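Undergrad: Provide a 3D model corresponding to the input given below.
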Amino acid sequence: MKKAKPILVLLLKLLVSVGLLGYFLARIHIERFLQTFATAKFSYIAIALLVYLATQAVSAIRWTVLARPLGVKTPFKDMVRYYFIGMFFNLFAPGTVGGDVSRVYYLVRDENARMKGRSVTTMHATMSVLMDRAIGMVVLVWLGAAGLLLFPYYAVPHTARVATFLLSLGLLVGALITPLVRRLLPTDTHQFIVKLRLAFSAYRKHWRALVNATLLSLAIHLVQAWMHVVMGRALDLNVPFSFALIVYPLVGTFAAIPISLNGLGLREGGYVVLLSAIGIGTEKAIAFGILLFLVVACDSLIGGVIYLFQQSAKPEAEALEDARAS
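TA: Numbering: from 1, shown residues only. The predicted structure follows:
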């Protein structure tokens with residue numbers, strides 16, 4: 001029964017994604033939808049590909065900043081490599097945590113192999129990945145709330161407004177009480193509790209790492225919001241940057257709800273609802289969402305190539321290590 005549960009969850013998510021995509025595609029004019037794709041300007045798509053790739057490299061910097069206080073000394077070039085592999089598995093693995101698991105695995109394996117007599121535990125690696133994820137999501141939600149406050153004249157559905165404000169407030173409260181978590185942890189000598197307390201202590205001592213990671217997240221999200229403007233131009237759509245500061249965070253947050261396969265269906269539905277506020281029809285909204293997804297997918301394939309090269313190089317490295325040992 002336990003083995004069947006993950007398969008059942010995967011099938012349910014797949015059903016939701018296929019159902020949502022089928023629902024939207026059944027209600028659009030297919031010829032107009034295909035025409036929107038056919039007339040897309042490749043120059044703008046190329047810019048989007050490069051911009052998204054650059055933001056992911058900056059995201060790897062953010063992860064490195066958050067890993068250093070935990071004692072991780074892995075070189076930045078390796079952190080970038082692990083991050084891109086994680087991008088690949090996040091998108092193409094069934095679920096949204098496959099890439100996070102791969103980042104933890106490679107970080108622990110290679111760090112311990114590099115630093116003889118000194119270990120980075122799974123707890124440290126996991127904490128760095130969780131903090132990277134958490135700060136990225138918190139800043140994304142706060143950016144959406146700021147966009148709604150700064151540009152209230154866009155006809156965003158009232159439910160989306162309220163949900164965004166409540167979520168941003170809840171995350172703010174959570175961020176403020178996080179320092180108290182360490183004090184509330186039981187004074188247990190269990191190894192897991194000890195490591196968790198040490199992780200919280202590390203960030204308390206190196207609080208500038210959290211500030212730097214937050215600023216990096218803000219820069220990443222602002223650039224990715226601007227990328228929506230670029231993708232709009234690729235499809236001859238006028239997506240103002242002020243509106244991109246709203247639609248990008250709201251769709252990103254909505255697509256993160258774990259009820260579909262990697263956000264498929266939810267993401268496109270979000271664009272349909274929100275882009276209608278600036279007069280963009282269903283066909284173009286779905287094309288916009290799918291084209292953005294394809295940009296992300298193409299860049300994520302780089303992580304797959306890195307993974308394949310790493311796997312093929314592994315036996316040679318192991319043979320060299322054996323030769324040195326003998």
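
Undergrad: alpha carbons only for contacts and neighbour counts from here, please
TA: Will do.

Undergrad: Spell out the secondary structure type for the residue most central in space within the chain.
TA: The structure's the chain has its C-alpha centroid closest to residue 133; by Cα atoms, centre = their mean the separation is 6.9 Å. For residue 133, the secondary structure call by DSSP: H, G, I helix; E, B strand; the rest coil comes out as helix.

Undergrad: what about the stretch 151-300 of the chain, any weak spots by pLDDT?
TA: Under the criterion of pLDDT under 70, the regions of the stretch 151-300 of the chain flagged as low confidence span 179-200.

Undergrad: can you map out the helices along it?
TA: When secondary structure is read from DSSP state H, counting those that start in this stretch, the stretch 151-300 of the chain shows helices at 158-184, 191-205, 207-234, 241-255, 266-275, 282-325.

Undergrad: Enumerate the positions of the first one that are buried.
TA: Think helix 158-184. Within helix 158-184, the residues that qualify as buried are 161, 164-165, 167-168, 171, 182, counting by 16 or more other Cα atoms under 10 Å.

Undergrad: Run the chain-centre distance for that helix.
TA: Taking the mean C-alpha point of helix 158-184 and that of its whole chain, the gap between them comes to 19 Å (Cα atoms, centre = their mean, to the nearest Å).

Undergrad: same for it, what does it pack against?
TA: Secondary-structure packing of helix 158-184 (3 or more Cα pairs under 8 Å, 6 or more residues apart in numbering; DSSP states H and E): helix 122-150, helix 191-205.

Undergrad: That helix vs helix 122-150, what angle?
TA: Our comparison of helix 158-184 with helix 122-150, counting by axes from the mean of the first three to the mean of the last three Cα atoms, to 10 degrees, yields an angle of 140 degrees.

Undergrad: Okay, angle between helix 158-184 and helix 241-255 too, please.
TA: Between helix 158-184 and helix 241-255, the angle comes out at 60 degrees (the same axes, to 10 degrees).

Undergrad: Check the third one too.
TA: For helix 207-234 against helix 241-255, the angle by the same axes, to 10 degrees is 110 degrees.
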